[in-house]
Every structure is written in C-alpha cells, then in structure tokens.
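1. here is my input, please return the structure:
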Amino acid sequence: MSLLNVGARALMANQLALQTTGHNIANVNTAGYSRQSVALKTSDGQDRGSGYIGNGVDVSTIVRNYNDLLSRQAALAGSVSAGDAIRYQSLAQMQDIFTGGKSGLGAAINDMMNAFGDVANTPTDISVRQVILTRMNEVAARFRSASSQLDELDYNAKQQMLSDVSQVNSLAGQVAALNGQISRALATGNTPNDLLDQRDQLVREINKFVQTTQISAEDGSISLFVANSQPLVMGSNAGQLTAKETPEFPGSGKMGLYFQSPNGQPVALTASMLGGGEISGLMQFQNSDLTEGRNLLGRMAQAIGGALNEQNRLGLTMSGQPGSDLFKLPLTSQGYTTGPQWTAPNTPQVTVTDASQLKASDYQIVFGNDAPKGRVIRLSDGQTTAFNDLADLSSKTIDGLRFDLQADGNAGQSVLFRPMAAAAHDIQAAVFAPNDLAAANPVAARITSLGDAALQMGGIQVSAGFDFSTFAGAEISFGKNAAGEVEYTITPPPAGIPATGKFRSGEPIQVGPGLMVTLNGTPNLNGTGSDKVTLGKATDPQYGTAWQRDTGNAGAFLALRDAKLFDGSTTLSDGFSIAMAQVGTRTQSAKYTAQLSETIAKNLESDRTAVSGVNLDEEAAKLLQFQQAYQASAKMLQVAQGIFDSVLQTVGR
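-> Numbering: from 1, shown residues only. Got it, this is the predicted structure:
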C-alpha cells in the first residue's frame, strides 16, 4: 500500500504542477499576472524500526513570483511617466498654435507691417490702403483663431481630467472590494494569488492617473493614499476625488483636484502635492503652461494693437482729421476675489496704461495684517510690489498696468487678475475705410534759407508722447559755439529736453516729446542770422503749400517693426519669434523629461516582469518535465497495482 500511496501523491503533485504551468501559459498576455509555481516538499517518512521509509511528495503551496519593492517602484515610475507624457502631449499641441511659416501669426504681422511701406510710397492709392486694412483684419482673425485653439486645449484638458478622476474613483472602489475578498481568503490560511495580481494591477492603473502611497495591513488589505496623506482606499472603504473649478477664485477657470474627506470638507490637492499621474500633468498644463501661452498671445495682441493704435492717433487721415484706433482691445479686465466677504461692494479692475511695459503674467493682490497694507505679486516670477492703501495702489503703474479696487480688503483676502488672458480672444479691427488710415504727418515744416539751399528736410517723425492738441509750433535756428562747431537752438525751449545741441547732418533732432526732425546738409550761417526750420500743425490754414507735408506717419508705422515693444528689449518683428521660442523651449524641456521618465519606467517594469513575467520557453520546458514526471508516477501506480495483483493471486491459492 505504501508504494500505491507514494505513486498517488506523486501523481497528484505533478498534476498540480502541470495545471499551474498551464495556468501560466494561459495568462502569458494577462496584464499584471504574476508567474506561479508549485512548491513541493517531501512527505514525512515513517519509522519502520530499521529506518525511516519515505512517503513521497506533498504540495506545500502555490508560490506567486512577486517582488514587492520592484512592483512599487514600477508603479511609482509609471505614475511619473504618465504625468510627464500627458503634459508633453498637451504642450506639443500648444506649440502647433505658435507655429511659423506663411500660415502663422508671425507672417500675418510681418505682412501687415510691410504694407505700411507701400502707403508711404503711394499715399493716395486707395487700393494700397485697402491692403493694409485687409492685413489688419487677417492679423486680428489669426489672434482670435489662436486664442480659440488655446480655449479648445483648455476644454480638452478639463474633460480629460474629469474622465481620469471618474476612473480613479471606479478603480478605488474595485481595490476596496478586492481588499475584502483577499482578507477573507487569507483567513483560511491560503494565498489568493490571482486576486492579489488583480489588485496590484488596479493599483498600477490608479497610479497612471494619480500617484499613490501604499501601506499593507496585517489582514492582507492595503491602504492607498494620495498627496501622501489623503486616504483614497482604507481597507474595504474607498474615498472620492473631485475635479472642479477652484473655489479660491470663482470664475477664473482654474481647475483643482479635491479629496472628499469623511467630515464633508473637500481638501484641495495641488499638482506639486500629487507628484505624478495624468491628473497632475493635466493640472500643471492647464494652470501653468496654458496660462503662459494665453498670456504670451494676449501680451502680443495688447502690445502690437496698442502701438498701432497710438501711432494712428498721432497721424492725420486723408480728410485731415486725427486718426482713431485701428484695433479694438480689452484694455480693462475684472479681477476674481476670494476670502471672507468684502466690507463693501467691490469690482476690482485692472487697466492697461502702457502696452510696451506689459509682462506675460497673471497678478495677485494679497492683503495682510501689518504694514504695508497689501502686495501685488507677479505670478510668473514672484516679483512683489507693496502698497499702503487703495489710493497708493491706484497711483502706481506696475508693468504698464493700473490696479483699481473700490473697497479695502481684510487680512486673508486676495484678488486674481488675468489682464492678458482675453486680449487675443477679443481683438478686432476697428477701421474699415481706407481714408481713415492716418498716414499723414500732423506736423508741417518749412526751411528758410539765407543763402544757397544747402539744408534739406530729411523727415519728420512723431511717436509716443507727442500731443497734437497742445502742439503750438517750434523753430530751429543754427549758430556756432565757442569751439566753432555748428549747433542748433529750439525755440521755445521744450520741456524736459535740451534746447541746444551739436548739429550733425542726417542725425534726428528731438524738438519735443515724441517729435523728431531730420535735416540733411549744412545750414548757412552769416553775421546777421542763419537758416531756420519752422514747424507747425499741418492742419492749420496758415501753413500754405510752401510748407513741406508728407506721409511720415506711414514711415513711423514701418519703424515700429524695430521698436522695443516687449520687455524693453524685444522688437515688434521679433515678438512672435520670442513667444515661439518660449513655448518651444518649454515643450522641449517637457519632451526630454517625458523621455527620461519613460525610460526609467520601462526599465523598472522590465525588472518587475523579469521576476513576475511568464517566459513561454521556460514554461514549455517545465510542461515536458512535469509531463514526464506525471507519466512516471502513473507507471509507479501501474507497478504497484501489478505487485498487489500478484499478492492477491498468491494468497488466493
């Protein structure tokens, strides 16, 4: 009977080994499956007096080939990789909006600026003026189109975030349910390998969306925490995450992730607290990268539109009237308040006063307990400007902006301003008639020469700071200083500008704020007087046809291409290129980060699967091994049966 017992045990053990090997082969493509193997042990021998006689083999357990450290490291790396990947994908789509080429916004801006050169050459050609109006409409349309595309990216990011949060909540509920099943199974003394694999796979899927910290309990259940402290799963109970607009600044469109705590109070989770996962990457893109893209685009719209509006107001139309704005721009935007209720009705506003000083940033006003009363924080770099009271605040110009609050704030209250966000979305062309393009100079000039006409007018240029309504004319005369050098004298002396200076042919002379005159040649000088240049309003009837009138304002438009309109150092023609470079640099940085984290995640996942994965060649070899062992065990039973039959036959005689 002992031989039959040994054979039966061997047959059963090898059958289980074959079944386990088949289970491995069947699940070779199952996500999260960990290879299983049969752990065999020698059955306790029986003492027969002359020694212990073996009783064969027993199955100790079914071993799950699993490394907890590698599994956690792989899940963490996968979470970081997922967050970096989704952020890079979103940034790559935003980079496509800031594209170059003929179809890009930069090309439309250059075409518009170049068209002013044609007006300077042929100022009375209506078709040339119409081309400029068409170019302006095209620029405004491309600004609005780019803004709409950014809005679409914003919408997609929010929808993806909501979808991810829904999946996290569903997966967390499944983990909680598996916790209960695993705890009950472990209570019987056996390990439910397949259930453990399913739970670990769910944890990896959760980490794809939001990074978690895992803690194991004695009953076999696990707890998952987000942001290192909020319990997403506790035993058989699952928490809930919510993605919605942050209540900090209602109406601002900023998204936030919230954990619903047991006491009913939602806990805000920032992207930096989450660490990794798609939700973290989407939050970073939506609240940081996309904000910068909108601000860069909005600042361009404000700076370019503001500069062209100001220049057109300085010139005269074909009917001799001062020009009007070429573009409609949202110069004033509302702030978003937070904190306790204000002591009085308050509609905070910010107004653009100098478009050339704008920064691509949002701003936040924060009130405190001590002096100074509050601080204006530029959120792009954290630079702070303090103010003592509302009057002090409204008197300051910060980055070309004036902030206005009708009611004082208390400690803990703050206001968010997004002055650049809507500029590109709302920009429109405001001039539609070719005659209303103010290409003519508002200033006329005449040279009075005492001798040969050696002095010639090179040009008159008006720019920001010139006030046509208060301009009362000026006269430039010439003489020699003690060193014998030719110098000019301006009468009446302009305020804040030197009234005399050395004359150089072809070098502009600043006659007043925003008014430059260029003269070529050498002025005639004698003992009784000298050449004179007289300036006056081009619209005054007293200045007849002998006075030089030109389309210098069209040339001034053309000169704006090289004007420093961005950060005091970047020209209009380079403005879009700088924006492209900023977005491109951020995208490239995100790309390298995503590639690095992907490599780390793949390596760790490879290490994990090296321990837990199924190798078909290895399983095929085991299949043959256990098949032969099974057949040998069956042969052992056959031999034992034959011996037993022989014994029965002998006894029966």
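
2. which residues in the stretch 451-600 of the chain form helices?
-> Taking DSSP state H, counting those that start in this stretch as the criterion, the stretch 451-600 of the chain carries its helices at 552-559, 572-612.

3. chain center to stretch 61-78: distance?
-> Offset of stretch 61-78 from its chain centre (Cα atoms, centre = their mean, to the nearest Å): 34 Å.

4. same check on stretch 348-366?
-> Chain-centre distance of stretch 348-366: 20 Å, with Cα atoms, centre = their mean.

5. nearest to residue 16, of the helices of the stretch 451-600 of the chain?
-> Comparing the helices of the stretch 451-600 of the chain by their distance to residue 16 (Cβ to Cβ), the top pick is helix 572-612, with 20.3 Å. Heads up, the C-betas are built off the backbone N, CA and C, glycines and all.

6. what packs against that closest one?
-> Other elements packing on helix 572-612 under the criterion 3 or more Cβ pairs under 8 Å, 6 or more residues apart in numbering; DSSP states H and E are helix 68-97, helix 105-121, helix 290-314, strand 564-566.

7. most neighbours per residue, which of those?
-> The highest average neighbour count among those, using mean count of other Cβ atoms under 10 Å, belongs to helix 290-314 at a mean of 24.

8. next secondary structure after that one?
-> Read in the C-terminal direction, the helix or strand following helix 290-314 is strand 327-328, with elements assigned using DSSP states H and E.

9. output the contacting helices and strands for that next one.
-> For strand 327-328, the helices and strands in contact under the criterion 3+ Cβ pairs under 8 Å, 6+ apart are helix 290-314, strand 428-429.

10. distance between that strand and the chain's centre?
-> That offset, for strand 327-328, works out to 27 Å (Cα atoms, centre = their mean).

11. so which of the helices and strands packed on helix 572-612 gets nearest residue 201?
-> Comparing those by their distance to residue 201 (Cβ to Cβ), the top pick is helix 68-97, with 9.9 Å.

12. can you get me a residue count around the residue nearest to residue 220 when sequence neighbours are not counted?
-> Using Cβ to Cβ, 6 or more residues apart in numbering and skipping residues adjacent in sequence, the residue nearest residue 220 is residue 186, 4.2 Å away. Around residue 186 there are 17 other residues, counting by other Cβ atoms under 10 Å.

13. so residue 186 touches residue 217, yeah?
-> No. Between residue 186 and residue 217 there is no contact, the gap being 10.7 Å when judged by Cβ atoms under 8 Å.

14. turn the helices and strands packed on helix 572-612 into JSON lines, columns for distance to residue 166 and mean pLDDT.
-> Shown next, in JSON lines, are these (distance: least, Cβ to Cβ, whole Å; pLDDT from 0 to 100):
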{"stretch": "helix 68-97", "distance to residue 166": "16", "mean pLDDT": "94"}
{"stretch": "helix 105-121", "distance to residue 166": "36", "mean pLDDT": "87"}
{"stretch": "helix 290-314", "distance to residue 166": "22", "mean pLDDT": "92"}
{"stretch": "strand 564-566", "distance to residue 166": "42", "mean pLDDT": "83"}
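
15. out of these, which comes closest to residue 460?
-> Each of these was scored for nearness to residue 460 using Cβ to Cβ, and the closest is helix 290-314 (11.2 Å).

16. and the closest one, what does it pack onto?
-> Taking 3+ Cβ pairs under 8 Å, 6+ apart as the contact definition, the neighbouring helices and strands of helix 290-314 are helix 68-97, helix 126-186, strand 327-328, helix 423-426, helix 552-559, strand 564-566, helix 572-612.

17. tell me what angle that helix forms with helix 552-559.
-> Using axes from the mean of the first three to the mean of the last three Cα atoms, to 10 degrees, the inter-axis angle of helix 290-314 relative to helix 552-559 is 160 degrees.

18. okay, angle between helix 290-314 and helix 68-97 too, please.
-> For helix 290-314 and helix 68-97, the angle between their directions (the same axes, to 10 degrees) works out to 20 degrees.

19. next, the angle helix 572-612 makes with helix 290-314.
-> Direction vectors for helix 290-314 and helix 572-612, defined by the same axes, to 10 degrees, enclose an angle of 170 degrees.

20. spatially, what comes nearest to the most centrally placed residue in the chain if we skip its sequence neighbours?
-> Residue closest to the average C-alpha location in the chain (Cα atoms, centre = their mean): residue 289, at 1.0 Å. Setting aside the residues directly before and after it, residue 289 is nearest to residue 91 in space (Cβ to Cβ, 6+ apart), at 5.7 Å.

21. what stretches of this structure score poorly on pLDDT?
-> Within the chain, the stretches with pLDDT under 70 are 1, 262-263, 339-345, 450-454, 526-529, 543-550, 652-653.

22. having no further points to raise, I will conclude here.
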